[in-house]
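A.B. asks: Whatever this is, show me its structure:
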Amino acid sequence: MFHDLGPETVVLMMGGEDALVSESGKVTAHVPARPVEAVDAAGASDSFWAGFLVATLDGEPPPSSPARSWS
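C.D. replies: Now for the predicted structure:
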C-alpha cells in the first residue's frame, strides 16, 4: 500500500511494540522493541527516526537501522 505512493523502504512502527521494515513491497525485517520503563513517551518517535536516519546515512542496510535506533 505505502509502496504504491513511491517509497522503496517503508518502516512501520507499532507503538511501543516492534517495527517492521518493508522494501519494495516485501517485509525484510521484524525488529523487536527493547523493553524499557517509560517515564515520558514525548519525543520517542523523534529519537527513533533520528537513529534510523543516521544508521541509513552511515550505509547500514534498512533492516538493521531500526535496531540501531533502539540501542
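A.B. asks: pull the longest helix from the chain.
C.D. replies: helix 44-57 (DSSP state H).
A.B. asks: give me every residue that touches Ser22.
C.D. replies: Residues in contact with Ser22 (Cβ atoms under 8 Å, 6 or more residues apart in numbering) are Phe2, His3, Thr9, Val10, Val11, Leu12, Thr28. Quick note: C-beta positions are derived from backbone N, CA and C, even for glycine.
A.B. asks: if we go to 10 Å?
C.D. replies: Counting by Cβ atoms under 10 Å, 6 or more residues apart in numbering, Ser22 makes contact with Met1, Phe2, His3, Pro7, Glu8, Thr9, Val10, Val11, Leu12, Thr28, Ala29, Pro62.
A.B. asks: Please report the distance of the second one from Leu12.
C.D. replies: Meaning Phe2. Distance of Phe2 to Leu12, given as Cβ to Cβ, to the nearest Å: 8 Å.
A.B. asks: ok so, going back, which of the contacts of Ser22 are buried? Put it as a ChimeraX command.
C.D. replies: Here is the ChimeraX selection string for the buried members of the contacts of Ser22, based on 16 or more other Cβ atoms under 10 Å:
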select :9,10,11,29,62
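A.B. asks: Out of the contacts of Ser22, which sit inside strands?
C.D. replies: Thr9, Val10, Val11, Leu12, Thr28, Ala29 (DSSP state E).
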